[in-house]
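[1] Sequence first, predicted coordinates after that:
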Amino acid sequence: MALKLCISTAANYIVKYLRAQLVPKIYSNNLYKIWRQNDLTPTYSTGNAKSKSEKKLVSFKESKRFIYDCFVASDVPKDHAKAMAGILASCDYRGIMSHGMNRLEMYMKEIKSGNTDPCAKPKILSETSAVAWVDGRHGLGVVVAEFCMDLAIKKAKKIGVGWVSAKNSNHYVVPALYCLRAMKQGLIGITMTNTSPLMAPKGAKHAILGTNPLSIGAPGCDDQFLFDVATTQVALGKLELAKRKGSTIPEGWALDKEGKPTTDVNKALEANNLLPLGGLEFGYKGYGLGAAVDVLSGVLSGATYSTMVGGRGKPKNLGQLFVVIDPCFFAPDFQQRLTHFNCLLRNCEVADPKNPILVPGDIEIKRLKQVEKAGGIEYTDNQLKTCENLANKLKVKPLQFE
């Protein structure tokens, strides 16, 4: 018994020492796996406290199947429907519930209205070995984004960097998922997009910028850095999710029609006035960042920008930027150095051991584990009802539960 205790204590000391002192040159994949196996990230709640028998869980595969069927039933080409299903289901799988199945009905309406052409294929307007200008031709944002990111990846592999600017695009869901395409090939991915006006900076009664999200992703040794953020306090989908749940929103998220802070989700959605990142006091930071995103995505590409961007039910002509960098053209051992960088962040001394410092992307990895352990994705009752209505309307097979 004493020997086992001694071995256990020694093992824990070694793991702690390696995580704190390890240098990039000797860092290996196995050591990061030790960190993962010790499960040093905190646990996050996946929803209400229903018993396992009461929960209606949907597998990732089934979620993709349902979304795919809905798009195909809406006359979307199969390859485009597959792309949309993969991205939306991945959002729910990664815990970004505001942007997955929650947005399916919105895309159906955009297609039906004629504002989005589900059959359109992106067209290269001009290009060099390093850059390209693309016309999305008012197609599905996901289709445009995957085309542009793949084009940037191709260029980066040849000369070290690829820069692709697109106009006439639409909502492309979550930026981070396109960075992952680059990261899987050992490359750094950067992307950003403008959106319909939703941000009202302090003092303004009306929105003048979109949520204008951006993402930066880089691969490590069995590790990653994947930052994804809206330049508003929250994305609009967070408000939509709050409405589905019938809950209020925190003060500092949004303004009402009079430009005053509100916790009433209905008043917030009616006004469509989200506060910039930083809130009422420091919102100038999010406002400046959101404006910078619009310059690089909307202004640069020839798309609409600021208040020129159409709202829901109107053609968007969004601008998007995709940048890929091959770290092999720079300092050696990038992935090892990034992994060491992440360990320095995670190993920071904290005030409360129950709340360790996380690296951007850690929460999504935790969510993936939770979904796998639970056996599926848990949707709100309101969302399941919406899916049931969609299935009846489009005459597709309803969602099947685990």
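    Done, it's in.
[2] Just the buried positions in stretch 254-265, please.
    When neighbours are counted by 16 or more other C-beta atoms under 10 Å, the buried residues of stretch 254-265 are found to be 254-256, 261-263, 265. In short, each C-beta sits where N, CA and C put it, glycine included.
[3] I misspoke; the intended subject was stretch 129-147.
    When neighbours are counted by 16+ other C-beta under 10 Å, the buried residues of stretch 129-147 are found to be 131-147.
[4] go on, stretch 214-232?
    With burial defined by 16+ other C-beta under 10 Å, the residues of stretch 214-232 counted as buried are 214-221, 223-232.
[5] Can you give me the end-to-end span of that stretch?
    Distance across stretch 214-232, first residue to last, is 11 Å (C-alpha to C-alpha, to the nearest Å).
[6] where's it relative to the chain centroid, distance-wise?
    9 Å (C-alpha atoms, centre = their mean, to the nearest Å).
[7] Same question for stretch 178-198.
    If you compare the mean C-alpha spot of stretch 178-198 with that of the full chain, they lie 9 Å apart, counting by C-alpha atoms, centre = their mean.
[8] What of stretch 303-318?
    Going by C-alpha atoms, centre = their mean, where stretch 303-318 is centred and where its chain is centred differ by 21 Å.
[9] Give the buried residues for it.
    Applying a neighbour-count criterion of 16+ other C-beta under 10 Å, the buried positions in stretch 303-318 are 303-306, 309, 315-318.
[10] average pLDDT for it?
    For stretch 303-318, mean pLDDT is 89.
[11] what about it, how long is it end to end?
    Stretch 303-318 stretches 6 Å from its first residue to its last (C-alpha to C-alpha).
[12] any idea whether residue 315 is helix, strand or coil?
    Classification of residue 315 into helix, strand or coil gives coil, according to DSSP: H, G, I helix; E, B strand; the rest coil.
[13] which is the next helix or strand following the lowest-mean-pLDDT helix or strand in the chain?
    The helix or strand with the lowest mean pLDDT-type score in the chain, counting by mean pLDDT, DSSP states H and E, is helix 29-37 (a mean of 37). Sequence order places strand 57-58 as the next helix or strand after helix 29-37, per DSSP states H and E.
[14] got any ranges where the stretch 251-400 of the chain has weak pLDDT?
    Applying pLDDT under 70 to the predicted model, the stretch 251-400 of the chain contains no residue that meets it.
[15] any idea how far residue 373 is from residue 159?
    43 Å (C-beta to C-beta, to the nearest Å).
[16] Looking at those two, which one has more neighbours?
    Between residue 373 and residue 159, counted using other C-beta atoms under 10 Å, residue 159 has the larger neighbour count: 12 against 8.
[17] pretty sure the more buried one is touching residue 130, no?
    Yes - between residue 159 and residue 130 there is a contact at 5.8 Å, judged by C-beta atoms under 8 Å.
[18] Please parse the chain into its domains.
    As recorded under automatic domain parsing, the domains making up the chain are 41-113+360-402, 123-329.
[19] In CSV: these, plus distance to residue 345.
    Below are these laid out as CSV (distance: least, C-beta to C-beta, whole Å):
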stretch, distance to residue 345
domain 41-113+360-402, 9
domain 123-329, 9
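[20] Which of the three states applies to residue 295?
    Following three-state DSSP, the label given to residue 295 is helix.
[21] What sits closest to it if chain neighbours are left out?
    Leaving aside its chain neighbours, residue 295 sits nearest to residue 305 (7.9 Å; criterion: C-beta to C-beta, 6 or more residues apart in numbering).
[22] residues in contact with the one you found?
    Contact partners of residue 305, counting by C-beta atoms under 8 Å, 6 or more residues apart in numbering, are 194, 294-295, 297-299, 319.
[23] Quick check: which element contains residue 189?
    Taking DSSP H and E as the criterion, residue 189 maps to strand 188-193.
[24] helices or strands up against the helix or strand residue 70 falls within?
    Residue 70 belongs to helix 60-73 when elements are defined using DSSP H and E. Using 3 or more C-beta pairs under 8 Å, 6 or more residues apart in numbering; DSSP states H and E as the contact criterion, the elements in contact with helix 60-73 are helix 78-93, helix 104-113, helix 381-394.
[25] Residue 364 and residue 172: what is the separation?
    Where residue 172 is concerned, residue 364 sits at a distance of 17 Å (C-beta to C-beta).
[26] got it, and residue 152?
    Look at residue 152 and residue 172: by C-beta to C-beta, they are 14 Å apart.
[27] which of these two has more neighbours?
    Higher neighbour count among residue 152 and residue 172: residue 152, with 30 against 26, using other C-beta under 10 Å.
[28] Local confidence estimate at that one?
    The score at residue 152 is 99. That number is its pLDDT.
[29] residue boundaries of the strands in this structure?
    Shown for the chain, the strands assigned by DSSP state E span residues 57-58, 123-127, 131-135, 161-169, 188-193, 214-219, 224-229, 254-255, 261-262, 273-274, 318-325, 377-378.
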